[in-house]
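Student: Model the following, please.
(2 chains, ligands or ions: 1)
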Amino acid sequence: MSSGALSNSKPETGSFFQRDLGWHPPAFTPEYKTSVLRSPQKALISLDNTLSELTGPVFGHNILGEKDNDLIHNFAQPGESAIGPRIIVYGRVLDERGRGVDGALLEFWQANAGGRYRHKKEGYIAPLDPNFGGCGRTITDEEGNYSLRTILPGPYPWPNRVNDWRPAHIHFSIFGHGFAQRLITQMYFEGDPLIWKCPIVDTIPGREAIEGLVAALDMEATLPMDARAYKFDIVLRGRRSTMFENRLEGN
Amino acid sequence: MVQSLGRLKESASQTAGPYVHIGLSPNFAEIAGVYDADLGISMVNDKTRGERITVTGQVIDGSGTPLKDAMVEVWQADADGLYNSPAEMRGSADANFSGWGRSPTNMQDGEFRFETIKPGRVPFRDGRLMAPHISFWIVARGINLGLSTRMYFADEEAANAEDPVLARIEHRVRVPTLLAPRDGNGYRFDIHLQGDKETVFFDI
Ligand SMILES: [Fe+2]
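Tutor: Below you'll find the predicted structure:
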């Protein structure tokens, strides 16, 4: 980790826009059974951002290894590669004002092509792929662009109702510029019929918000004879410009 | 019609799921060799200024069971109350203190653990000093949107009494859910997701 902004622009210090909690899933969603005992029941206490929420750590590109954003190869034996349909996922991290977020740390994890995670607690009968670990990370460039290479994850059954299946998805964790922008979400794939049958997807109240998590197949960006491309933009909270704002230091 | 504000909507949150450790702490999840070390496991080094402390706790569900598949992140100021962040305009924070940590809750007893330093006081929006505190962010399977809270230090009674954020909590009986008791160099901060002891969570 390094201090100092990645770009020459002056760091922004304005408060983040209020989060639209009616857009996000509520905490208590009984169709997704695990939420029942893990959802706070009392009202959240609203807190206009202080420095503790406005600030956040910076992750320098120096933490990244060469293969960190290449899940086809970052766990594979030399000369080997992960099994499955090869894809590229690319896009931008933007804020609600439409500005690219530079220096955002993206971490992603997913099941293998058979829908199996490399995890002790994972019980699905689909086999592990010895050349697939299932995690990766990258940091956005000055315009907020990122890309990764992986294999298309398989859908998988999960213990909720007796016959619930997750649509194919990639988990994304995003670190923007302030701790209040912290977000974890999931990316789905255009055309997957399981999206509309999934109790976890369905925790999101509105169709528009769900569609915002569905990556589009991009034939123009697809590499012929190599890898299909999916575009997935991620939007983090915007922030007020500091014009006319009370000075935080109060002096 | 009027002009469009041209705003985008924030990407909707989704649960971190049961395998968040694969993504955020792969070495802990026994996926070796992808990264040298998991991010956020070390906040301090030999030269970090300030009082060394250990913060431990569990994330506990509505049945009293600790979560073993949660991920906890912390963010705090250095010993002088400065954040190691570009948005910190008041000075330069201790370069030997990252201010940010990440800990999985472990598979044995669901405990998270941070080796850190006691933070200094940071001004509130109007310039009054807040009591020393550590910001927490908690994600796990079954948590649809990451939960934000703050740990305060139970032995900072005078500072806590004048803290403008704690003062905002209408039901005073809930304030102790944010106060971590001290035991030696350790502070214990258990996070209760539900029930009589439900931790105060913030909409930040
Ligand atoms: Fe998953």
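Student: so what's the residue nearest in space to the middle of chain B bridging to?
Tutor: Nearest residue to the geometric centre of chain B (C-alpha atoms, centre = their mean): residue B:136, 1.8 Å. For residue B:136, the residues forming beta bridges with it (DSSP bridges) are residue B:74, residue B:149.
Student: At which residues are the strands of the stretch 51-200 of chain A located?
Tutor: Under the criterion DSSP state E, counting those that start in this stretch, the stretch 51-200 of chain A contains strands at A:86-95, A:105-109, A:135-139, A:145-151, A:156-158, A:164-166, A:169-175, A:183-189.
Student: report the angle between the axes of the second one and strand A:169-175?
Tutor: This means strand A:105-109. Angle of strand A:105-109 versus strand A:169-175, following axes from the mean of the first three to the mean of the last three C-alpha atoms, to 10 degrees, is 160 degrees.
Student: and residue B:23, helix, strand or coil?
Tutor: Under the three-state scheme (DSSP: H, G, I helix; E, B strand; the rest coil), residue B:23 adopts helix.
Student: Contacts only, for the residue lying closest to it once chain neighbours are set aside.
Tutor: The shortest distance from residue B:23 to any non-neighbouring residue, by C-beta to C-beta, 6 or more residues apart in numbering or on different chains, is to residue A:109 (3.0 Å). Bear in mind the C-beta positions are built from the backbone N, C-alpha and C, glycine included. Residues in contact with residue A:109 (C-beta atoms under 8 Å, 6 or more residues apart in numbering or on different chains) are A:134-136, A:170-171, B:19-20, B:22-24.
Student: Any chance of CSV for those residues, columns distance to residue B:83, pLDDT and neighbour count?
Tutor: Shown next, in CSV, are the contacts of residue A:109 (distance: C-beta to C-beta, whole Å; pLDDT from 0 to 100; neighbours: other C-beta atoms under 10 Å in any protein chain shown):
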residue, distance to residue B:83, pLDDT, neighbour count
A:134, 33, 98, 31
A:135, 28, 98, 26
A:136, 28, 98, 28
A:170, 31, 98, 26
A:171, 28, 98, 25
B:19, 31, 97, 22
B:20, 25, 98, 24
B:22, 30, 98, 27
B:23, 25, 98, 25
B:24, 22, 98, 25
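Student: Of those residues, which is the nearest to residue A:87?
Tutor: Closest approach to residue A:87 among the contacts of residue A:109 (C-beta to C-beta): residue A:170, at 9.6 Å.
Student: Any figure for the gap between the closest one and residue A:49?
Tutor: Distance of residue A:170 to residue A:49, computed by C-beta to C-beta, to the nearest Å: 30 Å.
Student: re earlier: make JSON lines from the contacts of residue A:109 and add distance to residue A:80 to it.
Tutor: Compiled in JSON lines, those are given as follows (distance: C-beta to C-beta, whole Å):
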{"residue": "A:134", "distance to residue A:80": "15"}
{"residue": "A:135", "distance to residue A:80": "17"}
{"residue": "A:136", "distance to residue A:80": "17"}
{"residue": "A:170", "distance to residue A:80": "21"}
{"residue": "A:171", "distance to residue A:80": "24"}
{"residue": "B:19", "distance to residue A:80": "23"}
{"residue": "B:20", "distance to residue A:80": "27"}
{"residue": "B:22", "distance to residue A:80": "20"}
{"residue": "B:23", "distance to residue A:80": "22"}
{"residue": "B:24", "distance to residue A:80": "26"}
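Student: Give me the below-cutoff pLDDT ranges for chain B.
Tutor: Counting by pLDDT under 70, chain B has no low-confidence residues at all.
Student: Pull the number of nearby residues for residue B:150.
Tutor: 26 (other C-beta atoms under 10 Å in any protein chain shown).
Student: and if you look at residue B:89?
Tutor: 15.
Student: Give the closest residue to it in space, chain neighbours not counted.
Tutor: residue A:13 (6.2 Å).
Student: Which residues are in contact with that neighbour?
Tutor: A:54, A:242, A:248, B:87, B:89.
Student: Closest to residue A:221 out of those residues?
Tutor: residue B:87 (33.7 Å).
Student: To which secondary structure element type does the closest one belong?
Tutor: Under three-state DSSP, residue B:87 falls in the coil class.
Student: What's the separation between it and chain A?
Tutor: 5 Å (C-beta to the nearest C-beta, to the nearest Å).
Student: Could you find the residue nearest the spatial middle of chain A?
Tutor: residue A:172 (2.2 Å).
Student: what are the ranges of the helices in the stretch 1-150 of chain A?
Tutor: A:51-54 (DSSP state H, counting those that start in this stretch).
Student: which non-adjacent residue is nearest residue B:153?
Tutor: Excluding its sequence neighbours, the residue lying closest to residue B:153 (C-beta to C-beta, 6+ apart) is residue B:132, at 5.6 Å.
Student: What of residue A:82?
Tutor: Per C-beta to C-beta, 6+ apart, closest to residue A:82 is residue A:132, 3.9 Å.
Student: List the contacts of the one you found.
Tutor: Contacts of residue A:132 by C-beta under 8 Å, 6+ apart are A:71, A:75-76, A:82-84, A:112-113, A:118, A:151.
Student: Considering those residues, which is situated nearest to residue B:104?
Tutor: Of those, the one sitting nearest to residue B:104 (C-beta to C-beta) turns out to be residue A:118, at 15.4 Å.
Student: what about that closest one, neighbour count?
Tutor: 22.
Student: how about low-confidence regions in the stretch 101-250 of chain A?
Tutor: A:243-250.
Student: returning to what we had before: what is the nearest of the contacts of residue A:109 to residue A:218?
Tutor: For the contacts of residue A:109, the nearest to residue A:218 is residue A:170 (15.6 Å; C-beta to C-beta).
Student: Is the closest one bridged to anything, and to what?
Tutor: residue A:187.
Student: so it makes contact with residue A:184?
Tutor: No. Using C-beta atoms under 8 Å, residue A:170 is not in contact with residue A:184, being 11.7 Å away.
Student: Give me the phi and psi for whichever residue of chain B sits closest to chain A.
Tutor: Residue nearest to chain A within chain B (C-beta to the nearest C-beta): residue B:127, separated by 2.3 Å. Backbone torsions of residue B:127, given as degrees, to the nearest 10, read phi 100, psi -20.
Student: Okay, strands next: where are they in chain B?
Tutor: Using DSSP state E, the strands assigned to chain B run over residues B:52-60, B:70-75, B:100-104, B:111-117, B:133-140, B:147-153, B:179-180, B:182-183, B:186-188, B:191-192, B:202-203.
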